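Peer 1: show me how the following folds:
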Amino acid sequence: MLLRNTGYYMDSDAEVDPSYYEAIIEATQDKVFNSYEETRFIFYLGDDVLQRPVIMLVSCFLPPTVDELDKAMRYAVHYTKEFVRTEFIIIQCLTRTNILSDGSSNFLQQFYSLLPTEYKKNLKKVIMFHYGVSNRALLTITSSYMSPRFMRKLEYADSIRELYRFIPDISEEELLNRLPFIVKHDDAELLGLEAPALLSMSLLEQCICNGYNVPGYGKIPAIIVDFVQKLSKPDIVIIPNLFSLQTSADKLTSIIGEVDSGVPFRSADSDPSTLVSAFKLILNSLDEPLLGSETFHSIVRQCKSSGTHELAHSFYINFLKETISKLPDSSKLVIKFLVDFLHFVSTKSSINNMTAHKIAEILSPAFCRPNSMKNITMYQSIPPCVECITVLISDCQSIFNNILPDINSFDHLREVKENLRKKQLEEAEEEEEAEEEVEEEEEEEEGQPELLGTGDKDEVESEENN
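Peer 2: Numbering: from 1, shown residues only. Next up, the predicted model:
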């Protein structure tokens, strides 16, 4: 167990055997940390003005149990292994975190205690973000136990605007886009402003303000990623009649309220009926259906012109290709992400009874629906709309072929930028080490007691000059 009841404080400079830290790194080398990458409790935020990487630790995203925290610690060590080898900065975000009661509140203390001494020195600044009056008061009380060296590293930012001054190279708009939605929501509440609501945003706004980079898909709204990950679990995806499950109104209201403010999923949030009900409600409550506002009416017009409601399979293929190709790139990727998930669910139909057609019967309103419900004379057009979504789910690979943006080029550019940043840090390494040595020498001189009298000191200095 990495997490243990030690006597270390967050500022502890106790010597740690470097081999112990390296053993952790080696043990995590081949580990798969998908679940911890997905929670996004620790991530690279950007660089400060001195090109030092800034790592953000979001305490409310950490798991609640000791065993899960121990695994999360291993992931944190694994994730930061390159960053800690040069000067770096940590932002501890304590949004919705009580350091007196939350078991995850001392996570940074434990992480710091695991670092070898040379890596502890590389931590140049710890920014306490959304720390609050009560938490800061507690820190003031316990500060007498902390070394002056560590206390000089502490700085505070009570709002996103104050946080911006530490990383001014990132625009305020970009900083907002990189922060978790719950942080932005609570920041507005703390400042007495109108808090943003996730469910009132369009799909594009969610991609920008609450997007999570999913490999192969680009930015997908984090809440959609969370639901898909939960519903894709082996024990849930095989539940009979999965998308037909319903939950009680109070449970649905509770989870939707949390979703709307960006509260992260916990491991306990696994009641399938509640997850399914919330997932369907979120998709159906989008201001516009996923395939656009005109899709339903286009199918109606085709039925009228052809004189039949049994349209050819080839029509649906070509119609979907044309419709999706006209959508914004971010919308295309979100639809592909969702459809791939629905196709995966349909592959388990022998167990869960969720064929592509059955899924389409339940979820087709999320993809295409009429603009107005006042004059419902087109009920006979519902079956062809369901068939259209059935084709979308069952033939997703052929439909999306050659109409998606090039995600690989985006990933490549990101990789190039990351390599360039590492190169810049390596070039500055020698200069940084020299500055560190000078700083240590100055600290040693300041702490050296004066054992010589004035006359003796002058005599020694005279001999040194000679």
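
Peer 1: helices or strands next to the strand or helix carrying K304 in the packing?
Peer 2: Per DSSP states H and E: K304 is located in helix 295-306. Judged by 3 or more C-beta pairs under 8 Å, 6 or more residues apart in numbering; DSSP states H and E, helix 295-306 is in contact with helix 313-325, helix 382-394. In this view, the C-beta of every residue, glycine as well, is placed from N, C-alpha and C.

Peer 1: in it, what's buried?
Peer 2: T295, F296, S298, I299, V300, Q302, C303 (16 or more other C-beta atoms under 10 Å).

Peer 1: okay, now the unreliable bits of the stretch 1-150 of the chain?
Peer 2: Across the stretch 1-150 of the chain, the ranges flagged by pLDDT under 70 are 1-14, 32, 34-36, 38, 98-105, 132-150.

Peer 1: if we can go back for a sec, tell me which of the helices and strands packed on helix 295-306 lies nearest to N122.
Peer 2: helix 313-325 (47.8 Å; C-beta to C-beta).

Peer 1: pull the CA atoms of that closest one into CSV?
Peer 2: Output of helix 313-325 as CSV, limited to C-alpha atoms (Å, rounded to 0.1, in the frame of the first residue of the first chain):
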residue,chain,number,x,y,z
HIS,A,313,-31.8,0.5,-47.6
SER,A,314,-29.5,2.3,-50.1
PHE,A,315,-31.6,5.4,-49.6
TYR,A,316,-30.9,5.4,-45.9
ILE,A,317,-27.2,4.9,-46.4
ASN,A,318,-26.8,7.7,-48.9
PHE,A,319,-29.2,10.0,-46.9
LEU,A,320,-27.2,9.5,-43.7
LYS,A,321,-23.9,10.1,-45.4
GLU,A,322,-25.2,13.3,-46.9
THR,A,323,-26.8,14.5,-43.7
ILE,A,324,-23.8,13.8,-41.5
SER,A,325,-21.3,15.3,-43.9
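
Peer 1: in terms of secondary structure, what does that helix contact?
Peer 2: Applying 3+ C-beta pairs under 8 Å, 6+ apart, we find helix 313-325 packed against helix 295-306, helix 329-346, helix 382-394, helix 396-400.

Peer 1: any chance of the ones you listed in TSV, with mean pLDDT too?
Peer 2: Putting these into TSV (pLDDT from 0 to 100) gives the following:
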stretch	mean pLDDT
helix 295-306	89
helix 329-346	94
helix 382-394	93
helix 396-400	92
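
Peer 1: of all the ones you listed, which lies closest to I167?
Peer 2: helix 329-346 (25.2 Å).

Peer 1: go through the helices and strands packed on helix 313-325 and pick out the most buried.
Peer 2: helix 382-394 (a mean of 22; mean count of other C-beta atoms under 10 Å).

Peer 1: how is this protein partitioned into domains?
Peer 2: Domain segmentation of the chain under automatic domain parsing yields 18-196, 214-409.

Peer 1: end to end, how far does the shortest one reach?
Peer 2: Distance between the boundary residues of domain 18-196 (C-alpha to C-alpha, to the nearest Å) amounts to 45 Å.

Peer 1: start the count at 106 instead of 1 going forward.
Peer 2: In the new numbering, first residue 106, that becomes domain 123-301.

Peer 1: now do it: distance to the chain's middle.
Peer 2: 13 Å (C-alpha atoms, centre = their mean, to the nearest Å).

Peer 1: list the buried residues for the helix or strand harbouring D291?
Peer 2: In this assignment (DSSP H and E), D291 forms part of helix 286-295. Under the neighbour-count criterion of 16+ other C-beta under 10 Å, helix 286-295 has F286, I287, V288, K289, H290, D291, D292 buried.

Peer 1: just checking, the first one touches A327?
Peer 2: Yep, that's F286 we're talking about. Yes. Counting by C-beta atoms under 8 Å, A327 is a contact partner of F286 at 6.9 Å.

Peer 1: list residues touching both of the two?
Peer 2: N315 (C-beta atoms under 8 Å, 6 or more residues apart in numbering).

Peer 1: show me the helices in the stretch 156-305 of the chain, by range?
Peer 2: For the stretch 156-305 of the chain, helices defined by DSSP state H, counting those that start in this stretch occupy the ranges 171-184, 212-219, 222-227, 238-247, 253-256, 265-269, 277-283, 286-295.

Peer 1: A262: how many residues sit nearby?
Peer 2: Look at A262: counted by other C-beta atoms under 10 Å, it has 18 neighbours.

Peer 1: so what's it up against?
Peer 2: Contacts of A262 by C-beta under 8 Å, 6+ apart are I196, I232, M233, F234, H235, L268, R270, F271.

Peer 1: contacting residues for I325?
Peer 2: C312, G316, Y317, V319, L438, V439, F442.
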